[in-house]
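[1] Make a model of this:
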Amino acid sequence: MTRLLTALLCLLASSSAMADILWMHNGDRLTGTIEEITDDEVSIKLPYSQVLSVRRDAIKRWRLDKQEQPKPLTKTGIPLLDSPDELNAWLWTGTADLNVKLKESDKKTNNINLKASTEVANLDWRYTLDGEYIYETSNSVTDSHEYRLSPKLDFFFDANWFLRSSVEAEYDMLDTNYLNLSYATGPGYRFWNDKRRRLELIAQLGLQRAYFTPDEWVYSDLFDDRIINYPVINLGWDYRQPLSLWQQRFELFSKGHYEKFIDQPSPYLTRNQTVNGNLGLRYYFNDHLRLSWSSELSWDDSWLDYGGMREGLGDKEWRHTITLGASF
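    Residues are numbered from 1 along each chain as shown. Next up is the predicted model:
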């Protein structure tokens with residue numbers, strides 16, 4: 001009897017050691033054999049019941065002990081570290097887009113716009129770096145030559161809520177306002193996020209600093225210093241959703257932010273609000289190559305009250321962009 005009991009305990013221990021494990025957000029744990037992984041569900045065969053389907057958003061992490069495992073379809077990119085906890089492994093993804101801009105203008109324009117983004121993430125952390133290069137001529141005269149860089153750090157409290165800290169730098173080689181730096185932090189909420197779907201809303205409080213060249217400082221009557229600080233509230237969004245057209249090769253997307261300036265360092269110059277965002281449609285040739293069309297809005301609402309006169313300094317511009325992009 002003792003030998004039989006010992007044999008049964010060894011068998012159970014062996015089965016448990018070779019089992020797949022799902023840890024749920026509510027604290028439960030399921031032990032069995034994972035049969036299938038889809039965009040929405042994980043199917044696991046339990047030793048005491050039939051195959052059970054579990055929603056992906058209910059799973060916090062998993063461990064796969066078998067040598068040959070089904071690959072999750074909802075994550076692309078390059079795994080950075082080998083880990084038995086596959087759902088919580090670090091994953092590196094990236095995109096690059098080369099744009100041709102068609103502007104609503106009577107001028108003859110030539111534009112180069114290169115965007116690149118890279119992201120390293122697991123369940124708890126996400127590091128994002130966005131970069132952009134802009135070169136634009138109008139009637140053979142260069143009127144835009146800019147570099148933009150934006151690193152972001154997100155810490156996830158759970159599957160939905162996270163805290164974002166971000167920096168944005170814009171360097172203009174032609175303007176006297178040659179540099180703009182923004183520092184912001186605040187909460188975000190993720191409704192969903194997988195290979196082809198994302199919806200996130202972010203609210204941040206921050207500081208925007210405008211730097212002017214000392215040799216061409218012409219605003220001494222308006223400001224005490226050539227480095228000007230603007231406290232701001234920033235509301236951002238990031239959305240993408242595949243459409244049920246032609247094997248879901250089409251994707252609707254929108255990304256941008258709204259800024260409200262909550263204090264004015266000068267009684268003469270008022271910066272009220274800005275909007276920068278896009279709305280577009282992508283077509284995927286395959287998992288790595290895509291063609292996009294988007295409509296982009298840049299709007300700056302500001303004005304000057306000086307000497308009894310009020311002059312609008314804001315600018316509103318619509319751009320229509322055709323983009324050839326690649327991703328991994």
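[2] use CA for all of it now, contacts and neighbours both
    Fine.
[3] For the residue nearest to residue 326 when sequence neighbours are not counted, which residues are in contact?
    Leaving aside its chain neighbours, residue 326 sits nearest to residue 289 (4.6 Å; criterion: C-alpha to C-alpha, 6 or more residues apart in numbering). Each residue near residue 289 by C-alpha atoms under 8 Å, 6 or more residues apart in numbering is listed here: 324-327.
[4] what do you get if the cut-off is 10 Å, keeping everything else the same?
    The contact partners of residue 289, by C-alpha atoms under 10 Å, 6 or more residues apart in numbering, come to 95-96, 283, 324-328.
[5] Turn those residues into TSV, including secondary structure.
    Listed next are the contacts of residue 289 as TSV, based on DSSP: H, G, I helix; E, B strand; the rest coil:
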residue	secondary structure
95	strand
96	strand
283	strand
324	strand
325	strand
326	strand
327	strand
328	coil
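[6] Could you dump those into a markdown table with distance to residue 251, neighbour count and pLDDT added?
    Formatted as a markdown table, the contacts of residue 289 follow (distance: C-alpha to C-alpha, whole Å; neighbours: other C-alpha atoms under 10 Å; pLDDT from 0 to 100):
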| residue | distance to residue 251 | neighbour count | pLDDT |
| --- | --- | --- | --- |
| 95 | 15 | 16 | 88 |
| 96 | 17 | 20 | 90 |
| 283 | 6 | 18 | 91 |
| 324 | 14 | 17 | 90 |
| 325 | 13 | 20 | 90 |
| 326 | 15 | 18 | 89 |
| 327 | 14 | 17 | 84 |
| 328 | 17 | 14 | 78 |
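[7] of those, closest to residue 57?
    Of all the contacts of residue 289, residue 57 sits closest to residue 328, with 23.5 Å by C-alpha to C-alpha.
[8] Could you pull up phi and psi at residue 308?
    phi 80, psi 10 (degrees, to the nearest 10).
[9] Distance check, it against residue 139.
    Residue 308 sits at a distance of 36 Å from residue 139 (criterion: C-alpha to C-alpha, to the nearest Å).
[10] and the two? which has more neighbours close in?
    Comparing residue 308 with residue 139 by other C-alpha atoms under 10 Å, the one with more neighbours is residue 139, at 10 against 6.
[11] how about the strands of the stretch 1-150 of the chain, start to end?
    If DSSP state E, counting those that start in this stretch is used as the criterion, the strands of the stretch 1-150 of the chain fall at 20-24, 29-37, 41-45, 51-55, 59-63, 78-79, 91-103, 109-121, 125-138, 141-156.
[12] Show me what the shortest one is packed up against.
    Counting contacts by 3 or more C-alpha pairs under 10 Å, 6 or more residues apart in numbering; DSSP states H and E, strand 78-79 is packed against strand 91-103, strand 109-121.
[13] Make a markdown table out of those and add distance to residue 169.
    Below are these laid out as a markdown table (distance: least, C-alpha to C-alpha, whole Å):
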| stretch | distance to residue 169 |
| --- | --- |
| strand 91-103 | 19 |
| strand 109-121 | 14 |
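[14] Below-threshold pLDDT in the stretch 51-200 of the chain: ranges please.
    Filtered on pLDDT under 70, the stretch 51-200 of the chain yields the residue ranges 64-77, 81-88, 100-109, 194-196.
[15] Out of the contacts of residue 289, which comes closest to residue 304?
    Within the contacts of residue 289, the smallest distance to residue 304 is 38.8 Å, found for residue 96 (C-alpha to C-alpha).
[16] does the closest one really touch residue 133, like I thought?
    No: using C-alpha atoms under 10 Å, residue 96 is not in contact with residue 133, being 11.5 Å away.
[17] overlap in contacts of those two?
    Residues touching both residue 96 and residue 133 (C-alpha under 10 Å, 6+ apart): 114-116.
[18] Show me which of the residues you listed is closest to residue 63.
    Ranked by distance to residue 63 (C-alpha to C-alpha), the shared contacts of residue 96 and residue 133 are led by residue 116 at 33.2 Å.
[19] wait, residue 47 sits on residue 33?
    Yes: judged on C-alpha under 10 Å, residue 47 makes contact with residue 33 at a distance of 8.4 Å.
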